[in-house]
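Chemist: What follows is a predicted protein model with its sequence.
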Amino acid sequence: MKRSEAFFTGNALAQISSITLNNASEFEASGSCTNAVQDSPASVVTAEVVASEV
């Protein structure tokens, strides 16, 4: 078993599924989500630099 596979236990998958469905329901109801990932200024700049290099 690889280290990355060790996290995919039945309990972990149940938690991931539950949180994902709760996030989707919250977003559908309110248009936002408590667990939303926020961009940091560094990631935006990096993305712009990478895009301009293509």
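Modeler: Here it is on my side, so go on. Just so it is clear, the structure is predicted and the values come from calculations on it, not from any experiment. Numbering: from 1, shown residues only.

Chemist: rest of the way, CA atoms for contacts and neighbours
Modeler: Noted.

Chemist: now the helices for the chain?
Modeler: For the chain, the helices defined by DSSP state H occupy 10-30, 41-53.

Chemist: Mean pLDDT lowest where, among these?
Modeler: The stretch with the lowest average pLDDT out of the helices of the chain is helix 41-53, scoring a mean of 56.

Chemist: what's the closest non-adjacent residue to Cys33?
Modeler: Leaving out its chain neighbours, the residue that sits closest to Cys33 by C-alpha to C-alpha, 6 or more residues apart in numbering is Phe27, at 5.1 Å.

Chemist: Next, count neighbours for that neighbour.
Modeler: 15 (other C-alpha atoms under 10 Å).

Chemist: Relative to Thr20, how far out is it?
Modeler: 11 Å (C-alpha to C-alpha, to the nearest Å).

Chemist: and if you look at Thr34?
Modeler: 12 Å.
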